[in-house]
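Peer 1: starting from these lines, generate the structure:
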Amino acid sequence: PMRRLLLAVLVAALPSAVSAQVVPAGARAAGLGENYGVMARGFGAGYWNPANLGQRGNPAFSLELPGVGLSASADPIALSDIKKYGGDTIPGSVKQKWLDAIGPNGSLELRTAAHVTEAGLSIGPVAITSGTTIGIRGDLPHDAVATILYGNAGPSGQGDTLSFTNGALQAFAVSHVGLSIGIPIPVHITHAADERFSVGVTAKYVMGHGLLDARDGKGQLTPDSASVRFVTVALYDQNNAINGTGTGFDLGAAWTSGKLSAGLTIYDLANSFRFKDQGKVGSLHAFLSPDSSGGTSDLTTIDSATDSLKATAGDLASNERFFPSVRVAFGYRFSRRIQLSADFLHESTDPHALVTQKGTTVGLGAEVRFIPLIPLRAGIRFGDGATSFSVGTGLALGPLHIDGAVGRRTSTGYNAAVGITIGAW
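Peer 2: Numbering: from 1, shown residues only. Coordinates of the predicted model:
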């Protein structure tokens, strides 16, 4: 029972330093492994590269109905491995293998993310987009995982005292509304008859709904008791769904000539968004013993907190923000039925960056239309210490497109997306 309680407490507390470049993948992009920088058109260009709104193939009109993309991952222990033992006893050799994979100074990193597209609309070279990103990340240190796996018996089976420090979790939710425009300009590189160069910009208004940050997590499990404690900051406005706003803009450039295409996007070249330092701060504590169990909280409003806790909340509110990120994309169209795309994306590795992944990723995607009404898509992406594979398909019924995609992250996680679009494609 004590192990189950601690597991429930820790998993419930699984949100740390997540970040979110607000570019929801969309079902078509997800099927391509998010290698979509040169292929995005219509409202999708507003998310991926606004310069594509000035390229050939951009529809006169497009409309995206609300859609959602979901992802979940665990590293270095795969979600599929954890699920394999659901409801069953985990062999001792497997427990030790998992702990060895984490390492004495490592941690089990759990991530979930949801990208919700409320609406997307384009008319000619102009697009309006809106969406919400929710991210959760938790870090469980080696000893915390050992505590969960072995419970009160401990690794020796003799009732060890297990403890952990530096557990962390963070969750956030942000939304945005963007206005994009793409314009062709008379720049020629190859002087081919069908060459086109365009530039674009997206201006966006960003709204923060809330940020939960639990840090310095400490826990202990003895033969007859269990406890866990986190210092917690919750930035939110109990009277308003919005707790922090700001403006930002993305810049893009795109080029096509014959079968070749290329694009460059700089996201959040400038972004003033910050969360407000209002909400609650304090600590959460849960415990269990043979005689009693329960939890306590000393969360108080930030205005009423001690100077040190006020400073902690203030630092979090002022430092968690959007940093610039860069996407370079290339494409090659073999024919009307086969198209390849490749993307290079670098996102900030700053610990305060609001992004769902950090560092550099590269990938390759392909779309084939052997049957024009049924596109088939596949993509692969490398980065963030893992390889991701995705597949997708759709149904194109005149102006109505229905798309779906699923993916897997080298056995450590999964993602899925679905979307419906209407347009003069």
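Peer 1: all strands for the stretch 1-150 of the chain, in order.
Peer 2: Using DSSP state E, counting those that start in this stretch, the strands of the stretch 1-150 of the chain run over 61-64, 67-75, 107-123, 126-141.
Peer 1: among those, which gets the worst mean confidence?
Peer 2: Ranked on mean pLDDT, the bottom entry among those is strand 67-75, at a mean of 76.
Peer 1: now the strands for the stretch 301-425 of the chain?
Peer 2: 325-333, 338-347, 359-371, 374-383, 386-397, 400-409, 413-423.
Peer 1: which among the ones you listed is found nearest to Gln220?
Peer 2: strand 413-423 (29.9 Å; C-beta to C-beta). For the C-beta atoms, the positions are set from N, CA and C on the backbone; glycine is no exception.
Peer 1: for the stretch 201-350 of the chain, what spans make up the helices?
Peer 2: Using DSSP state H, counting those that start in this stretch, the helices assigned to the stretch 201-350 of the chain run over residues 307-319.
Peer 1: so, low pLDDT: which residues of it?
Peer 2: Within the stretch 201-350 of the chain, the segments meeting pLDDT under 70 span 216-217, 221-224, 288-293.
Peer 1: mind doing that once more with 80?
Peer 2: Along the stretch 201-350 of the chain, segments meeting pLDDT under 80 span 215-229, 284-297.
Peer 1: phi, psi of Ile189?
Peer 2: phi -110, psi -50 (degrees, to the nearest 10).
Peer 1: could you find the closest non-adjacent residue to Leu400?
Peer 2: Ile422 (5.6 Å; C-beta to C-beta, 6 or more residues apart in numbering).
Peer 1: any idea how far the one you found is from Gly42?
Peer 2: Separation of Ile422 from Gly42 (C-beta to C-beta, to the nearest Å) stands at 10 Å.
Peer 1: intersection of neighbour lists for these two?
Peer 2: Ser62 (C-beta atoms under 8 Å, 6 or more residues apart in numbering).
Peer 1: count the neighbours of Asp88 for me.
Peer 2: 7 (other C-beta atoms under 10 Å).
Peer 1: same question for Pro186.
Peer 2: Pro186 has 6 neighbouring residues, counting by other C-beta under 10 Å.
Peer 1: for the residue lying closest to it once chain neighbours are set aside, give me its contacts.
Peer 2: Nearest residue to Pro186, sequence neighbours excluded (C-beta to C-beta, 6+ apart): Phe197, at 7.9 Å. By C-beta under 8 Å, 6+ apart, Phe197 lies in contact with Pro184, Ile185, Pro186, Val187, His188, Ile189, Ala253, Ala254, Trp255.
Peer 1: as JSON lines, these with distance to Gly279 would be great.
Peer 2: Compiled in JSON lines, the contacts of Phe197 are given as follows (distance: C-beta to C-beta, whole Å):
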{"residue": "Pro184", "distance to Gly279": "47"}
{"residue": "Ile185", "distance to Gly279": "46"}
{"residue": "Pro186", "distance to Gly279": "52"}
{"residue": "Val187", "distance to Gly279": "49"}
{"residue": "His188", "distance to Gly279": "54"}
{"residue": "Ile189", "distance to Gly279": "52"}
{"residue": "Ala253", "distance to Gly279": "40"}
{"residue": "Ala254", "distance to Gly279": "41"}
{"residue": "Trp255", "distance to Gly279": "46"}
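Peer 1: closest to Arg28 out of those?
Peer 2: Distances from Arg28 to these, taken by C-beta to C-beta, are shortest for Ala254, at 17.5 Å.
Peer 1: show the contacting residues for the closest one.
Peer 2: When contacts are counted by C-beta under 8 Å, 6+ apart, Ala254 touches 38, 49, 51-52, 54-55, 182, 197-200, 261-264.
Peer 1: which among the residues you listed count as buried?
Peer 2: Using 16 or more other C-beta atoms under 10 Å as the burial test, those include 38, 49, 51-52, 54-55, 182, 197-200, 261-264 as buried.
Peer 1: among those residues, which are in helices?
Peer 2: Counting by DSSP state H, no part of the buried ones among the contacts of Ala254 is found in helices.
Peer 1: any idea how far Arg321 is from Asn49?
Peer 2: 23 Å.
Peer 1: kindly report the same for Gly363.
Peer 2: 16 Å.
Peer 1: and the residue nearest to Phe287 when sequence neighbours are not counted, how many neighbours?
Peer 2: Counting by C-beta to C-beta, 6+ apart, Ser227 is the residue found nearest to Phe287 once chain neighbours are left out, at 4.2 Å. For Ser227, the neighbour count with other C-beta under 10 Å is 20.
Peer 1: Ser227 bridge partners, please.
Peer 2: Gln220, Phe287 (DSSP bridges).
Peer 1: which ones are touching it?
Peer 2: Gly219, Gln220, His285, Ala286, Phe287, Leu288.
Peer 1: which of those residues tops the neighbour count?
Peer 2: Among the contacts of Ser227, the one with the most neighbours (other C-beta under 10 Å) is Gly219, at 24 neighbours.
Peer 1: excluding sequence neighbours, find me the nearest residue to that residue.
Peer 2: Val228 (3.9 Å).
Peer 1: can you verify my assumption that the one you found contacts Thr296?
Peer 2: No - between Val228 and Thr296 there is no contact, the gap being 11.5 Å when judged by C-beta atoms under 8 Å.
Peer 1: who touches both of those two?
Peer 2: Jointly contacting Val228 and Thr296 under the rule C-beta under 8 Å, 6+ apart are His285.
Peer 1: more neighbours, those two?
Peer 2: Val228 (24 against 11).
Peer 1: how near is Gly37 to Gly44?
Peer 2: According to C-beta to C-beta, Gly37 stands 10 Å off from Gly44.
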